[in-house]
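Student: Okay, predicted coordinates and the sequence, questions at the end:
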Amino acid sequence: MHLVTYISTALMAVGMVHATRRPKFNVSEPKATNPQAQGACNTTQGGEQACGPNGSEAWFNTGLETDEGWQPPYLNVSSVVTISLDDFWKGVGKRCYDYRPNLVLPGREYNINPVILAALALQESDCDSLHRGYGLTRCVNRNCPKGSSNNDKCQYPLEINGQCAARNLRQWLDGSNGNILVALGKWDSWFIAGSGLNRNKGFTAEYPCSDEGKVQNALRRDQSPPNLSWLHDTLNGWFQGHNMSGPAKDLRGRFADRGNCTN
């Protein structure tokens, strides 16, 4: 083959590879909506009408502003819309890339989408394995599985920290017939009626700043009140590739500035 022909053929081959390469992920592009969700929208929106691919904030927070408290609707974890793991590593989750085995392997072990674990780690610790002494997922002492070399905080080894988060999520999912809203709620200290808290009623918007709520806040990892926009921020924000603590904070729900006990 002549040199010119060879070079031309090589360039054509390279061009074909680039032509077939998957387009770069755009976090703002519309996504398919969850067929199980109510009030879902293709692109995440914040504020009064907050919604996203997995449903509306008003739907997630059903009952939160009533005397009876939170009454989570049913949303099966298998239906949850997320970005791909590859897009997560390349985008909002770049900081988590070096910890892939510590998030992916526990996800596989407990049958949980690794994007869910990785996104939780990102928002909990910014994927800083030393974050406030609680590691990647900030797993608290009472939830540590056996085998950690630092059982008081479950920080090391790293695989134990990721396993702690995956195991807890799986237990909460199994206890709620796979309801991701209940499982994520438990992650952030939300509760339903029958827990014994709030006069045995569900979690309410006013509860975090009540006398009892403040006592419960002191038991939390950062001793701050639960995030009332938590479900929207997580399902429609972090799971979709948005950094809800930074550039995408305007996409947070209408509950975002409530419950901080300083209003």
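Tutor: Nice, thanks for sending it over.

Student: C-alpha from now on. contacts and neighbour counts both.
Tutor: Will do.

Student: What ranges does this structure have for its strands?
Tutor: Listed in chain order, the strands of the chain (DSSP state E) span 51-52, 55-56.

Student: Serialize these to TSV and add fields for distance to residue 128.
Tutor: Output for these, formatted as TSV (distance: least, Cα to Cα, whole Å):
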stretch	distance to residue 128
strand 51-52	28
strand 55-56	30
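
Student: Could you identify which of these is most buried?
Tutor: Ranked by mean neighbour count, those are led by strand 51-52 with a mean of 30 (mean count of other Cα atoms under 10 Å).

Student: picking up where we left off before, for the strands of the chain, give me CSV that also has mean pLDDT.
Tutor: Formatted as CSV, these follow (pLDDT from 0 to 100):
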stretch, mean pLDDT
strand 51-52, 98
strand 55-56, 98
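
Student: residue boundaries of the helices in this structure?
Tutor: 3-20, 57-60, 85-90, 100-109, 114-125, 158-174, 180-187, 211-217, 230-232 (DSSP state H).

Student: most packed of those?
Tutor: helix 230-232 (a mean of 26).

Student: between the strands of the chain, which one is nearest to residue 88?
Tutor: Go through those one by one with Cα to Cα and the one that ends up closest to residue 88 is strand 51-52, at 17.4 Å.

Student: can you list contacts of the closest one?
Tutor: For strand 51-52, contacts defined as Cα atoms under 8 Å, 6 or more residues apart in numbering pick out 33, 39-45, 57, 232, 235-237, 253.

Student: Name the member of those with the most neighbours.
Tutor: Most neighbours among the contacts of strand 51-52, by other Cα atoms under 10 Å: residue 236, with 34 neighbours.

Student: how close does that residue get to residue 85?
Tutor: Between residue 236 and residue 85 the computed distance is 16 Å (Cα to Cα, to the nearest Å).
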